[in-house]
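Asker: All I have is the shape, not the residue letters:
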């Protein structure tokens, strides 16, 4: 069985929230990236990054494994709050 690398949460307040265990495209360091789609902006994302080491990958995996609806909603709320002035 292949390990899970993404979680999709459906919410009324923020729509879909995608959480993905990935690597930064520039330095290949592990990250847990959150994607949301605020109105009038398109898909936005931000990541929690970790060092490119075995310990960093373990920490990113632990964060991803721990991520549940509550954590995803909290992350989405921060993105919406941060982008509030950019939306029309």
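Answerer: Ah, there it is. What you see is a predicted model; the values in this text were computed from it and never measured. Numbering: from 1, shown residues only.

Asker: residue boundaries of the strands in this protein?
Answerer: Using DSSP state E, the strands found in the chain span residues 6-11, 15-23, 30-36, 44-49.

Asker: Any stretches of this structure with poor pLDDT?
Answerer: Residues of the chain that meet the criterion pLDDT under 70 lie in 1-2, 87-88.

Asker: Grab the most central residue of it for me.
Answerer: residue 34 (1.5 Å; C-alpha atoms, centre = their mean).

Asker: Relative to residue 77, how far out is that residue?
Answerer: Counting by C-beta to C-beta, to the nearest Å, the gap from residue 34 to residue 77 is 11 Å. In this view, the C-beta of every residue, glycine as well, is placed from N, C-alpha and C.

Asker: tell me the contacts of the nearest residue to residue 33 once chain neighbours are set aside?
Answerer: Closest residue to residue 33 apart from its sequence neighbours, by C-beta to C-beta, 6 or more residues apart in numbering: residue 47 at 4.2 Å. Counting by C-beta atoms under 8 Å, 6 or more residues apart in numbering, residue 47 touches 22, 24, 31-34.

Asker: buried stuff in stretch 31-39?
Answerer: Judged by neighbour count (16 or more other C-beta atoms under 10 Å), stretch 31-39 contains these buried residues: 31-38.

Asker: right, and the strands of the chain - which one's nearest residue 83?
Answerer: When the strands of the chain are compared by C-beta to C-beta, strand 44-49 sits nearest residue 83, at 6.3 Å.
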